[in-house]
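> here's a sequence, model it:
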Amino acid sequence: MWALVKDGKVQETYSTPKCIILDEVRYPSNMFTLYTTEEKKRINIYDINKKDLPDLAFYNVGTSSYSYDADKETVNEEFSITEKHLSVLKPYHKEKCKQKAYGRIELFNWLVQRYVYDNSQAIPDAVVKYVASVRTHCNTICTAIDNCNNLDNFKIVYEKIYNNNGEYYTWPDYTNVKQYERGS
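Numbering: from 1, shown residues only. Now for the predicted structure:
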């Protein structure tokens, strides 16, 4: 990103290169990428120092604003950062967990339907145990989420859910029930 600075103030920002007219001179769009930093400064165009974004899983970011630092001859991005409320994070991630559990269980719903219509065809014990273990795993994750009383606690649980090495990342293995999956 770039900014046009006049009289020590950011007048305009450019997120993508475009043809511009400054002081009755037309500059091509490739000027933004071809000119050196010093060449751009001579026509009052400055590269914007982007502020690092926080982890958007946990924080909201406000609208960006830009200011010119005359001493350093730089334009800096600024925005507010606020924590996301647990009242939003907790239900969202519990619902994601429940959807994941449902996706694992629904593969075997046909066995339940078959049993309803013909109770002589039992649901295999391996499937019953697998479904129970998926539900237990989901409940464990939801309880861990519910027990978070601040964002720092939630971050720890979040890592356990979504990090490849996390305690809750690995769902029950369904290798021994794969043969009963719908369509098999």
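
> state the distance from the residue lying farthest from the centre of the chain to residue 53.
For the chain, the C-alpha lying farthest from the average C-alpha position belongs to residue 120; by Cα atoms, centre = their mean, that distance is 47.2 Å. Spatial separation of residue 120 from residue 53 under the definition Cβ to Cβ, to the nearest Å is 59 Å. Where you see a C-beta, it was placed from the backbone N, CA and C, and this is true even at glycine.

> how about residue 16?
From residue 16 over to residue 53 the distance is 19 Å, taken as Cβ to Cβ.

> enumerate every residue touching the residue farthest from the centre of the chain.
For residue 120, no residue counts as a contact, taking Cβ atoms under 8 Å, 6 or more residues apart in numbering as the criterion.

> what are the phi and psi values for it?
For residue 120, the backbone dihedrals (degrees, to the nearest 10) come out as phi -80, psi -10.

> and the longest helix anywhere in the chain, what's buried?
Across the chain, the helix with the greatest residue count (assigned by DSSP state H) is helix 125-146. Going by neighbour count (16 or more other Cβ atoms under 10 Å), the buried part of helix 125-146 is 127, 130, 131, 134, 135, 137, 138, 141, 142, 144, 145.

> can you spell out the domain ranges of this protein, please?
As assigned by automatic domain parsing, the chain contains the domains 2-82, 86-180.

> reformat these as a markdown table; add mean pLDDT.
Shown next, in a markdown table, are the domains of the chain (pLDDT from 0 to 100):
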| stretch | mean pLDDT |
| --- | --- |
| domain 2-82 | 97 |
| domain 86-180 | 95 |
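
> please identify the most buried of those domains.
Stretch with highest mean neighbour count among the domains of the chain: domain 86-180 (a mean of 15; mean count of other Cβ atoms under 10 Å).

> now it, how far from the chain's geometric center?
Relative to its chain's centre, domain 86-180 lies at 21 Å (Cα atoms, centre = their mean, to the nearest Å).
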